[in-house]
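**Q** quick one, structure for this:
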Amino acid sequence: MAKRFTDAQIKGLKPTNQRTILFEDGGRGFGLRIEPSGRKSFFLEYRFGEAEERRNRVLTIGKYPTVSLTEARSIASQSLSQVEQDIDPATQKLTKKIADRNALTVGDLVDEYIEKWAKVKKKERSWKEDERLLNKDILPAFGRKKAKDIRRRDIVLLLDTIVERGATITANRVLAVTRKMFNFAVGRDIIDASPCVQIPSPSKENRRERYLTEDEIKVFWEKLDDTKMSQEIRLALKFLLITGQRKNEVLSAEWNEFDLKSKWWTIPSVKSKNQLTHRVPLTSISMEILNELKKITGQYQFLFASPVGHTKKNPERKVGMYPILGSAVDRALRNNLTNNLKTKQTNIFNLDNFTPHDLRRTVASMMTKSGVDRLVLKKILNHADRDVTAVYDRYEYDKEKQVAMLAWDRGLKKILATQKKTEPKTVLPKKRKREKSKKVLPNNKIGEDSDTMTYEEYLKLHNLRDFTKKK
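**A** Numbering: from 1, shown residues only. Coordinates of the predicted model:
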């Protein structure tokens, strides 16, 4: 055997009936085991301990060729350095092995993230969406792997797969929740570093700019009655347009949040997106909608109570027990904005596509157009103010919000009252009954009881032109 191992020599070694042990000359205990089965593995034999406790120890480095000869020599050299520092490499390896065995899998991390962070920090709708994304895309790919073993490349390849199936925006959402989850893991000392660092968003998202013009508002409002959707959803869409509040805050609204005498709607902090209590002035149109809703859902907890009763999944569910889902409102509006021959759906509004959230943008645009101050508009929309001054400014802006909402109420009434400009319609001439023929006389006068008429009167009666005369 040569003084130093070579790959060619190791590959050429044949197994025997017993285990064969070979040491590399000058390797300070670095050797190779050859099992009767033909398996070859590197090891390091060394002495560790002091005085009477000093004894021989063996560290198994790894199987060849999974661990290359170069890698094995490097590990042996590092282990001998540890021995010189009174660190037992075999014990350290065993400790690491136990730690690896006890390390959280990605599946464990997902559970801990949802229970310890998402449910605590986020609203129900938001943490359920996190859970859905993680269950759909992360768990099937990495669920059984150790969280500490996930690399940046693993995340990038997964995102590529999501983009390739056409779900470009979903890829962005998966990256966002995965990054949050691994940051949570770093904070709890589950892993040392996040594999999501410096991974850019897979797809560019275009900022929505859709809002309804005054003519479109009028069409939308008038055509709602012709749509195929429940009356509760129709009223919800109208309420979105008059109040400008978020869809989920509107749909989850409860009757006990409304003071109909003083005309205020108070959205509690547990429901508002920025977790701040928000007061919304109620205008005359708002009150009309609420009065109509009172007849439909007044006996229930929620304004927009779902008409769905018991289901297979929830046999104890009753009508009005839960609010209408946001997805149901989205779907109802989308179906009435779509032309589909198979489902016989038609675009009732005959407008370009828009979403319930675009109604909120419409309110903001119309208010800005009418001269409402941006700060007041921000208070009406309940946008979080990140200015340092906002921390000290505790004024509620109730009066300013009332003035702005009343102005929008008048503006909406004006829009709905205006006559829509239409092209003149082509009117087909009505079929005339055959009349009894009358003699036409050349003179211009006829008797009252006579059956005859003048030529000029005949032309006028039948709306004809005298071609005998020049124009």
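**Q** can you map out the strands along the chain?
**A** Along the chain, the stretches classed as strands by DSSP state E are 20-23, 30-34, 40-48, 55-64, 258-259, 264-267, 278-281, 440-441, 453-454.
**Q** who wins for proximity to Gly298 among the ones you listed?
**A** In terms of C-beta to C-beta, the element of the strands of the chain nearest to Gly298 is strand 258-259, at 11.2 Å. All C-beta atoms are positioned from the backbone trio N, CA, C, and that covers glycine.
**Q** what pairs with that closest one, parallel or antiparallel?
**A** When pairs are called by DSSP bridges, strand 258-259 turns out to pair with strand 264-267 (antiparallel).
**Q** gap between the strand it pairs with and the chain center?
**A** Strand 264-267 sits 26 Å away from the centroid of its parent chain (C-alpha atoms, centre = their mean, to the nearest Å).
**Q** likewise for stretch 315-334?
**A** Worked out by C-alpha atoms, centre = their mean, stretch 315-334 lies 18 Å from the chain centre.
**Q** pass me the low-pLDDT residue ranges in the chain, would you?
**A** By pLDDT under 70, the weakly predicted segments of the chain are 1-2, 94-102, 386-394, 419-471.
**Q** domain parsing for it?
**A** 7-102, 106-187, 214-417, 436-471 (automatic domain parsing).
**Q** between the two ends of the longest one, how far is it?
**A** Terminal residues of domain 214-417 are spaced 11 Å apart (C-alpha to C-alpha, to the nearest Å).
**Q** possible to save the strands of the chain as JSON lines with distance to Ala407 and mean neighbour count?
**A** Listed next are the strands of the chain as JSON lines, based on distance: least, C-beta to C-beta, whole Å; neighbours: other C-beta atoms under 10 Å:
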{"stretch": "strand 20-23", "distance to Ala407": "92", "mean neighbour count": "14"}
{"stretch": "strand 30-34", "distance to Ala407": "85", "mean neighbour count": "21"}
{"stretch": "strand 40-48", "distance to Ala407": "82", "mean neighbour count": "18"}
{"stretch": "strand 55-64", "distance to Ala407": "76", "mean neighbour count": "16"}
{"stretch": "strand 258-259", "distance to Ala407": "21", "mean neighbour count": "16"}
{"stretch": "strand 264-267", "distance to Ala407": "17", "mean neighbour count": "18"}
{"stretch": "strand 278-281", "distance to Ala407": "11", "mean neighbour count": "21"}
{"stretch": "strand 440-441", "distance to Ala407": "67", "mean neighbour count": "14"}
{"stretch": "strand 453-454", "distance to Ala407": "63", "mean neighbour count": "15"}
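**Q** I'd like these as CSV, with distance to Arg234 appended.
**A** CSV is the format used below for the strands of the chain (distance: least, C-beta to C-beta, whole Å):
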stretch, distance to Arg234
strand 20-23, 84
strand 30-34, 79
strand 40-48, 74
strand 55-64, 69
strand 258-259, 19
strand 264-267, 19
strand 278-281, 20
strand 440-441, 61
strand 453-454, 58
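**Q** circling back to that earlier point, out of the domains of the chain, which gets nearest to Pro195?
**A** Across those, Pro195 has its closest neighbour in domain 106-187 (4.8 Å, C-beta to C-beta).
**Q** what is the neighbour count of Ile162?
**A** Using other C-beta atoms under 10 Å, Ile162 is surrounded by 22 other residues.
**Q** count the residues that sit near the closest residue to it other than its chain neighbours.
**A** The shortest distance from Ile162 to any residue other than its chain neighbours is 4.2 Å, reached at Ala171 (C-beta to C-beta, 6 or more residues apart in numbering). Neighbour count of Ala171, defined by other C-beta under 10 Å: 22.
**Q** over to Ala141?
**A** A count of neighbours around Ala141, defined by other C-beta under 10 Å, yields 16.
**Q** please list all residues in contact with it.
**A** Asp154, Leu158 (C-beta atoms under 8 Å, 6 or more residues apart in numbering).
**Q** coming back round to it: could you point out which of the strands of the chain sits nearest Val372?
**A** Ranking the strands of the chain by their distance to Val372 (criterion: C-beta to C-beta) puts strand 278-281 first, at 12.8 Å.
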